[in-house]
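[1] For reference, the sequence and a predicted model appear below.
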Amino acid sequence: MKIIVNGKEAGTKEKGCALCGATWGEYYDVIDGENLFFCCDYCALEFKNMVNEVKNRTRWSKIYELVINGNYYTGRTCIAKSEDKEYKFYVKFNDEAGIETFKELT
Ligand SMILES: [Zn+2]
């Protein structure tokens, strides 16, 4: 999965946390068969919840690319891409890494 966080590629230790782009921390989690880097388990859990929500709503089996813009406080405006489709959404997490707000955007 290609991940762009606030304009920069992310998801490895060198490039930054797959959700927030931070380069500190040392946490890895396997998502969709890929070992992704996160700054902390909290970001990993948020990312997983977000990916599951997108898959549930789109019925896609795999997300090829995820473009994430925003942060914890403003919420995040995102574009998920499969092979030939795009899905735009807004997501905001609560303080337990759960989804507080999820809106499909057109
Ligand atoms: Zn993070």
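    The structure has been received and is ready for your questions. Numbers count the residues shown, from 1 in each chain.

[2] and the nearest residue to residue 45 once chain neighbours are set aside, how many neighbours does it have?
    For residue 45, ignoring the flanking residues on the chain, the nearest one in space by C-beta to C-beta, 6 or more residues apart in numbering is residue 97 at 4.1 Å. Where C-beta positions appear, they are placed from N, C-alpha and C, glycine not excepted. For residue 97, the count of nearby residues is 16 (other C-beta atoms under 10 Å).

[3] Residue 97 belongs to a helix, doesn't it?
    No. When DSSP: H, G, I helix; E, B strand; the rest coil is applied, residue 97 is found to be coil, with no helix at that position.

[4] Could you tell me which residues of the protein lie near the ion?
    Selection of the chain residues close to the ion by C-beta under 5 Å from the ion yields 17, 19-20, 22, 39, 43.

[5] Filter those down to the buried ones.
    17, 19-20, 39, 43 (16 or more other C-beta atoms under 10 Å).

[6] Just say helix, strand or coil for the residue nearest the centre of the chain.
    When the chain is reduced to its mean C-alpha position, the nearest residue by C-alpha atoms, centre = their mean turns out to be residue 47, at 4.4 Å. Taking three-state DSSP as the rule, one finds residue 47 in the helix state.

[7] what sits against it?
    18-19, 29, 31, 36, 38 (C-beta atoms under 8 Å, 6 or more residues apart in numbering).

[8] ok so, going back, ok, so of the buried ones among the residues of the chain next to the ion, who is nearest residue 91?
    Taking C-beta to C-beta as the measure, residue 91 sits nearest to residue 19 out of those, at 10.3 Å.

[9] quick one: what helix or strand has residue 87 in it?
    According to DSSP states H and E, residue 87 maps onto strand 86-93.

[10] Packing partners of that strand?
    Using 3 or more C-beta pairs under 8 Å, 6 or more residues apart in numbering; DSSP states H and E as the contact criterion, the neighbours of strand 86-93 among helices and strands are helix 41-58, strand 75-81, strand 99-105.
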